[in-house]
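[1] coords please:
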Amino acid sequence: MSSVNSENRKRERRRVRAVAREYQKKGYAVVVGPGADDLPDFLKNCRPDLLATNDRERVVVEVKSRQSLSEPPSLTEIAHALEGKPGWRFEFVMTNPADEGEEDKLNLLPLTLPQKLLTPQKIRERLDQARRLAEGSEHGEAALLFAWSVAEAALRLVADREGLSVGASSPVSAIKKLYSMGLMDRDDYELLLSSAPIRNAIVHGFDAERLDTASVDQILAVADRLLREVGVSLK
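    Numbers count the residues shown, from 1 in each chain. Below you'll find the model as predicted:
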């Protein structure tokens with residue numbers, strides 16, 4: 001193993017321990033490097049870095065550097081394993097081996113260009129584009145990205161109309177804020193979080209393994225429900 005790879009591993013292990021401490025402070029029971037006996041059957045082939053549980057949820061955590069993104073377990077493998085599993089949540093933590101101080105969850109860099117919220121009409125247009133793309137199986141990845149575009153636009157519009165500040169934060173941060181404020185139900189919250197790693201794999205040029213195009217309709221349905229919270233319908 002090269003010195004660079006060795007240093008990457010050390011950083012990842014340190015980050016795993018730090019995340020474990022964060023969850024323990026919140027009252028979760030934490031298992032670092034869970035083995036087969038610690039995991040349900042649907043996760044035994046994934047072997048994530050950390051499992052955190054409390055009386056409300058079970059959180060599967062995977063920590064990777066940019067250099068180890070392609071190594072098993074793949075993010076999409078874990079995300080797919082958790083699909084449709086109530087009470088389970090996936091959290092991916094990216095640690096930058098080039099600079100330990102530059103860490104961002106889901107490998108999403110801060111937005112730097114001036115941002116203007118989409119109008120409901122623009123959101124409807126993107127919704128129609130996503131649905132048209134989803135009709136052809138060959139455009140599944142593009143359809144999913146358009147669906148996420150609609151969902152993110154809806155998240156920010158709802159936050160704005162409720163007087164919440166999400167700024168240029170990552171969509172996951174916005175999702176968590178809306179959920180914590182009671183503007184999103186748990187099923188929608190879990191659906192978006194579980195599909196976020198797949199969205200990110202596509203955005204950052206990785207293979208979205210076993211992409212389920214049915215999730216496009218589910219994501220668009222979440223966007224519709226979000227906008228109904230502020231009296232806007234996409235239909």
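[2] elements contacting the one helix or strand Gln218 maps to?
    Under DSSP states H and E, the secondary-structure element containing Gln218 is helix 214-228. Helix 214-228 makes packing contacts with helix 120-134, helix 140-161, helix 186-203 when contacts are defined by 3 or more Cβ pairs under 8 Å, 6 or more residues apart in numbering; DSSP states H and E. Yep, even glycine has a C-beta here, placed from its N, CA and C like the rest.
[3] Go through those helices and name the closest to Leu226.
    The closest of the helices and strands packed on helix 214-228 to Leu226 is helix 140-161. By Cβ to Cβ, the value is 4.4 Å.
[4] re the thing from before, mean pLDDT for the helices and strands packed on helix 214-228: which is lowest?
    When the helices and strands packed on helix 214-228 are compared by mean pLDDT, helix 120-134 comes last with a mean of 79.
[5] Convert the C-alpha atoms of that one to PDB, please.
    Provided in PDB are the C-alpha atoms of helix 120-134 (Å, rounded to 0.1, in the frame of the first residue of the first chain):
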ATOM      1  CA  PRO A 120     -43.600  27.700  -9.600                       C
ATOM      2  CA  GLN A 121     -44.000  28.000 -13.400                       C
ATOM      3  CA  LYS A 122     -40.300  27.200 -14.000                       C
ATOM      4  CA  ILE A 123     -40.600  24.300 -11.600                       C
ATOM      5  CA  ARG A 124     -43.600  23.000 -13.500                       C
ATOM      6  CA  GLU A 125     -41.600  23.100 -16.700                       C
ATOM      7  CA  ARG A 126     -38.800  21.000 -15.200                       C
ATOM      8  CA  LEU A 127     -41.400  18.600 -13.900                       C
ATOM      9  CA  ASP A 128     -42.700  18.100 -17.400                       C
ATOM     10  CA  GLN A 129     -39.100  17.600 -18.700                       C
ATOM     11  CA  ALA A 130     -38.400  15.000 -16.100                       C
ATOM     12  CA  ARG A 131     -41.600  13.100 -16.900                       C
ATOM     13  CA  ARG A 132     -40.900  13.100 -20.600                       C
ATOM     14  CA  LEU A 133     -37.400  11.900 -20.000                       C
ATOM     15  CA  ALA A 134     -38.600   9.100 -17.700                       C
END
